[in-house]
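A.B. asks: Structural data only, the sequence is not supplied:
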């Protein structure tokens with residue numbers, strides 16, 4: 001519902017009545033279940049400014065930096081250890097995004 005609110009706000013600022021396309025970034029390390037998201041999306045956009053809009057989702061892969069040895073590496077889970085030193089103190093740098101990247105309005 002927050003995405004719909006963001007879309008409404010920015011469409012109003014642009015003086016638009018319809019949104020043709022919405023592009024979102026959703027990180028692979030978020031807790032978003034994509035099947036549940038799709039179901040909620042179909043139900044949530046009914047009779048809103050997003051009904052009929054094309055939806056594009058960019059899945060952002062997880063990346064981290066080890067805070068012990070400064071190695072940069074990809075991660076599939078937030079608790080993955082550093083592949084270089086085995087440390088678990090890591091800084092997640094990508095993959096937790098959940099944002100609206102772009103709206104195309106008419």
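C.D. replies: Yep, it's here. Since the model is a prediction, treat every value here as computed from it, not as a measurement.

A.B. asks: Quick one: classify residue 92 as helix, strand or coil.
C.D. replies: Judged by DSSP: H, G, I helix; E, B strand; the rest coil, the three-state class of residue 92 is strand.

A.B. asks: so what's it bridging to?
C.D. replies: residue 64 (DSSP bridges).

A.B. asks: and it, how many residues sit next to it?
C.D. replies: Residues lying near residue 92 (other CB atoms under 10 Å) number 15. (Each C-beta comes from the backbone N, C-alpha and C, glycine too.)

A.B. asks: list the contacts for it?
C.D. replies: 29, 62-64, 75, 78 (CB atoms under 8 Å, 6 or more residues apart in numbering).

A.B. asks: Need the per-residue pLDDT for the spatially most central residue of the chain.
C.D. replies: Centroid-nearest residue in the chain: residue 26, 2.0 Å away (criterion: CA atoms, centre = their mean). pLDDT recorded at residue 26 is 96.

A.B. asks: wait, is it part of a helix?
C.D. replies: No: counting by three-state DSSP, residue 26 is not found in a helix; it is strand.

A.B. asks: any idea how far it is from residue 82?
C.D. replies: 25 Å (CB to CB, to the nearest Å).

A.B. asks: returning to what we had before: can I assume the residue nearest to the centre of the chain is in contact with residue 97?
C.D. replies: Yes: applying CB atoms under 8 Å, one finds residue 26 in contact with residue 97, separated by 6.7 Å.
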